[in-house]
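Asker: A structural model of the following input is requested.
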Amino acid sequence: MRLRDLLLLFILFVLFGGLAAKAQAPSRKLVILPASASGEEMYATYCASCHGWDGKGVRQAATSAATIPDLTTLAKRNGGRFPLMLVKDAIRGDTRLVAHAHDMPIWGFLFQYVGEGNRAEVDLRIDKLTEYLKSLQAK
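Answerer: Numbers count the residues shown, from 1 in each chain. Prediction:
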């Protein structure tokens, strides 16, 4: 294995191992969806457990006072315009959001790994997730 692959595996182990320990829930296998999956399927698999099935956010474990952001108000909180690049950057891991300082998994790392570095496949997954989030915006 190349050093880059080992580093990525270490990051994934720390990220997902830490999340399982933090939630104090039984460990579960991470489902890897194909790039052909819809944005809604990806949201349900990767995001809904924290952001809720409706995108309105759910309260974290009782040990935390933090709440998960309501993804249906992204446009409202950004002057009525959906922050397309900010959302893509957050999913990819290029932008560190204060609310997500240590809690939100950086799906871009996983997408790069499962796509074997295929930038087009990574972008397709992120685009689908972003478009689905855009569709959730409150009217």
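Asker: Can you show me the helices along this structure?
Answerer: 3-23, 39-46, 48-51, 84-92, 107-114, 119-135 (DSSP state H).
Asker: Tell me the spacing between E40 and E116.
Answerer: The spacing between E40 and E116, counted by Cβ to Cβ, to the nearest Å, is 25 Å. For glycine as for every other residue, the C-beta is placed from the backbone atoms N, C-alpha and C.
Asker: So if I had to pick from the two, which one is more boxed in?
Answerer: A count of neighbours by other Cβ atoms under 10 Å puts E40 above the other of E40 and E116, at 15 against 9.
Asker: How about that one, nearest residue that isn't a chain neighbour?
Answerer: Nearest non-adjacent residue to E40, counting by Cβ to Cβ, 6 or more residues apart in numbering: Y132, 5.4 Å away.
Asker: Kindly report the same for I32.
Answerer: Nearest to I32 is V114, by Cβ to Cβ, 6+ apart, at 5.2 Å.
Asker: average pLDDT across stretch 46-55?
Answerer: Average pLDDT, stretch 46-55: 87.
Asker: And it, what's buried?
Answerer: For stretch 46-55, a neighbour-count test (16 or more other Cβ atoms under 10 Å) marks 46-47, 50-52, 55 as buried.
Asker: which ones are touching M42?
Answerer: 33, 125, 128-129, 132 (Cβ atoms under 8 Å, 6 or more residues apart in numbering).
Asker: rewinding a little: and the residue nearest to I32, how far from W107?
Answerer: 10 Å.
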